[in-house]
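Undergrad: pasted the sequence and its predicted model underneath.
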Amino acid sequence: MNQPFYEFTSSIEALRYEFTSIGQRVVRKVIIYQELPFPNVYNLALGDTDDQGKADFGITSDNGDRDTILATVIQTLITFFHKYPQASVFIAGSTPSRTRLYQGVINRELGEIQKRFDVLGVTEDGTESFSKGKSYQAFVISLKQL
């Protein structure tokens with residue numbers, strides 16, 4: 001993805017990332033990687049933060065900088081995988097439209113994404129290699145193992 005991204009800060013554990021979205025407004029954003037009850041599987045959550053740092057994962061900022069935000073998410077994935085190379089990251093939108101948005105980005109950038117990551121699509125029947133044009137409920141991203 002050859003899209004500009006926002007500079008971000010990372011927690012020491014590389015599980016929390018913060019950056020500022022600068023579009024129609026200035027919005028503080030947070031990305032949290034939370035370990036799930038499966039070995040080496042983390043959930044990725046993207047949200048806004050208030051002045052006290054409390055995250056809201058259901059809010060829609062609609063700040064006019066969607067592609068820059070999504071490019072920033074991809075950059076945090078790269079940083080996360082430097083620290084946790086054996087991990088897998090589960091990604092689902094908080095709404096069906098957000099999941100479709102993520103799928104659209106994966107469809108558009110699949111060639112670039114697959115140079116670095118393995119991508120699975122989640123269906124009612126389980127997981128499968130991501131296929132363009134197929135609808136998925138969520139995605140699982142892992143670092144391509146060489």
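TA: Looks like it came in fine. Residues are numbered from 1 along each chain as shown.

Undergrad: what is the neighbour count of the nearest residue to Ser135 once chain neighbours are set aside?
TA: Once flanking residues are discounted, Ser135 sits nearest to Gln103: 7.3 Å by Cβ to Cβ, 6 or more residues apart in numbering. Yep, even glycine has a C-beta here, placed from its N, CA and C like the rest. By other Cβ atoms under 10 Å, 22 other residues sit near Gln103.

Undergrad: tell me which residues touch Gln103, please.
TA: Ser135, Tyr136, Phe139 (Cβ atoms under 8 Å, 6 or more residues apart in numbering).

Undergrad: phi first, then psi, for it.
TA: phi -60, psi -40 (degrees, to the nearest 10).

Undergrad: what are the boundaries of the helices in the chain?
TA: 66-83, 96-116 (DSSP state H).

Undergrad: among the ones you listed, which is the most enclosed?
TA: Among the helices of the chain, ranked by average contacts under mean count of other Cβ atoms under 10 Å, first place goes to helix 66-83 (a mean of 18).

Undergrad: other SSEs contacting that helix?
TA: strand 16-22, strand 26-35, strand 41-49, helix 96-116 (3 or more Cβ pairs under 8 Å, 6 or more residues apart in numbering; DSSP states H and E).

Undergrad: one more pass at 10 Å, please.
TA: strand 9-10, strand 16-22, strand 26-35, strand 41-49, strand 88-91, helix 96-116, strand 117-123, strand 138-143 (3 or more Cβ pairs under 10 Å, 6 or more residues apart in numbering; DSSP states H and E).

Undergrad: what's the closest of the helices of the chain to Ser11?
TA: helix 66-83 (10.3 Å; Cβ to Cβ).

Undergrad: can I get the closest one as PDB, trimmed to CA atoms?
TA: This file holds the C-alpha atoms of helix 66-83, laid out as PDB (Å, rounded to 0.1, in the frame of the first residue of the first chain):
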ATOM      1  CA  ARG A  66     -10.000   6.900   5.600                       C
ATOM      2  CA  ASP A  67      -7.200   5.700   3.300                       C
ATOM      3  CA  THR A  68      -4.600   7.400   5.500                       C
ATOM      4  CA  ILE A  69      -6.100   5.800   8.600                       C
ATOM      5  CA  LEU A  70      -6.200   2.300   7.000                       C
ATOM      6  CA  ALA A  71      -2.600   2.800   5.800                       C
ATOM      7  CA  THR A  72      -1.700   3.600   9.400                       C
ATOM      8  CA  VAL A  73      -3.400   0.400  10.500                       C
ATOM      9  CA  ILE A  74      -1.200  -1.600   8.100                       C
ATOM     10  CA  GLN A  75       1.900   0.100   9.400                       C
ATOM     11  CA  THR A  76       1.000  -0.900  13.000                       C
ATOM     12  CA  LEU A  77       0.500  -4.500  11.700                       C
ATOM     13  CA  ILE A  78       4.100  -4.400  10.500                       C
ATOM     14  CA  THR A  79       5.300  -3.100  13.800                       C
ATOM     15  CA  PHE A  80       3.200  -5.600  15.700                       C
ATOM     16  CA  PHE A  81       4.600  -8.500  13.700                       C
ATOM     17  CA  HIS A  82       8.200  -7.400  14.400                       C
ATOM     18  CA  LYS A  83       7.500  -8.100  18.000                       C
END
